[in-house]
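Asker: Sequence and predicted structure, then a few things I'm wondering about:
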Amino acid sequence: MESATTVRQVLERKGYDVWWIDPDATVYEALELMAEKNIGAVLVMKDGELVGILSERDYARKVILKGRFSRETLVREIMSERVVCVRPEQTLDECMALMTEKRIRHLPVIENNRVIGVISIGDVVKAIIAEQAFVIQQLENYITGRAA
């Protein structure tokens, strides 16, 4: 079953909050923001432009495993610069395929050359499960003859 739900529909439910940090901030400051907002990645923005993304994975692999210190390391030194983004009209199936292929968990949403939100793998899975539950309920109603 293909998902017809769009990224915009997910953002309308979850909200359009965008958390970001400057590339010259310390990794420690980024981690504080991520902990405060309970997020697994933070966008890296300079003068309103998306220049990267910093995830827990980046931190684990590029700071902890390399013996660096988060209070001394700058975000720009460990952020992922090649950010995969989506448009609001894209479907969740497209997002799931992108996330699987690129092995990423967060997708910034771009409209008119600006970031309007971020969706995570958790957002995508939650929306797909809700969509499938609705279809199952409709099918059960049809089979049992109950009105929808």
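Answerer: Everything's here; your move.
Asker: contacts and neighbour counts: CA atoms only from here.
Answerer: Will do.
Asker: how would you label residue 88: helix, strand or coil?
Answerer: Of the three states, residue 88 takes coil under DSSP: H, G, I helix; E, B strand; the rest coil.
Asker: need the strands for this structure, in chain order.
Answerer: Along the chain, the stretches classed as strands by DSSP state E are 20-21, 41-46, 49-55, 106-111, 114-120.
Asker: so which of the ones you listed comes closest to residue 10?
Answerer: Ranking these by proximity to residue 10 (Cα to Cα) places strand 114-120 first, at 7.8 Å.
Asker: The closest one packs against which elements?
Answerer: Secondary-structure packing of strand 114-120 (3 or more Cα pairs under 8 Å, 6 or more residues apart in numbering; DSSP states H and E): helix 7-14, strand 106-111.
Asker: Which neighbours in the sheet does that strand have, and how are they oriented?
Answerer: When pairing is defined by DSSP bridges, strand 114-120 lines up against strand 106-111 (antiparallel).
Asker: helices and strands of this structure: which one has the lowest mean pLDDT?
Answerer: helix 121-144 (a mean of 86; mean pLDDT, DSSP states H and E).
Asker: tell me what that one is packed against?
Answerer: Helices and strands touching helix 121-144, by 3+ Cα pairs under 8 Å, 6+ apart, are helix 7-14, helix 92-102.
Asker: pLDDT (mean, whole number) over the shortest one?
Answerer: So that's helix 7-14. Helix 7-14 shows a mean pLDDT of 96.
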